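Peer 1: got a predicted structure here, sequence first:
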Amino acid sequence: MIAIDASLAVKWYRAEQFSLEATALFETNAGDLVAPDLFAIEVVSALVRNANAVKASSGTMEQCIAAFAAELELGSIKLIRLTAQSVTDAARLALDLGHPLKDCIYLALAMELGCDLVTCDARFAAKAKGVWAGVRVLGD
């Protein structure tokens, strides 16, 4: 099982640095990927924000969102419902690390499940590695 964050998943739908590595991780581990339920909102929000910024056609964006939704339906990524305890644990981590709560929710999930967390956010990973050895940066 591997926890992933939205920074990684967005690379499945946008051609940018480490997109090939992100796609390979997905193809190799589909069905063993987990994320908090916040993940779906974050991924779609990032895709919409990017489409608006570059004035992409809504049809193209709708295809990307539909493809992402299909992977969720297929169970390629298992969404884990946030609990009061997981939010509390993430808040503690956010305070300890001096980092935004939303990123620490992914870290708290990985710690709870005892699995690696793969992210594309090197700044977050540098902080998170101090409390969880299983944090990896895609492309490292």
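Peer 2: Received the coordinates, thanks.
Peer 1: next one: Ala108 from Val87, what distance?
Peer 2: Here the criterion is Cβ to Cβ, to the nearest Å. By it, Ala108 lies 8 Å from Val87. Heads up, the C-betas are built off the backbone N, CA and C, glycines and all.
Peer 1: who has more neighbours out of those two?
Peer 2: Ranked by neighbour count (other Cβ atoms under 10 Å), Ala108 and Val87 place Ala108 first, with 27 against 16.
Peer 1: and the more buried one, what element?
Peer 2: Element membership for Ala108, per DSSP states H and E: helix 101-113.
Peer 1: could you point out which element follows that helix?
Peer 2: Heading C-terminal from helix 101-113, the first helix or strand you meet, by DSSP H and E, is strand 116-119.
Peer 1: quick one: distance of that next one to the chain centre.
Peer 2: Here the centre of mass of C-alpha atoms in strand 116-119, compared against the chain's by Cα atoms, centre = their mean, to the nearest Å, lies 8 Å away.
Peer 1: what residues does it touch?
Peer 2: With contacts defined as Cβ atoms under 8 Å, 6 or more residues apart in numbering, strand 116-119 is touched by 2-5, 7-8, 25, 103, 106-107, 109-110, 125, 128, 132, 134-138.
Peer 1: in helices, which of the residues you listed appear?
Peer 2: Secondary structure defined by DSSP state H assigns 7-8, 25, 103, 106-107, 109-110, 125, 128 of the contacts of strand 116-119 to helices.
Peer 1: by neighbours, which of those wins?
Peer 2: Neighbours here mean other Cβ under 10 Å. Within the ones in helices among the contacts of strand 116-119, the largest count is held by Tyr106, at 30 neighbours.
Peer 1: measure the nearest residue to that residue once chain neighbours are set aside to Ser19 for me?
Peer 2: In space, Tyr106 comes closest to Asp5 once its chain neighbours are excluded; the distance is 4.4 Å by Cβ to Cβ, 6 or more residues apart in numbering. Note on Asp5: its distance to Ser19, by Cβ to Cβ, is 15 Å.
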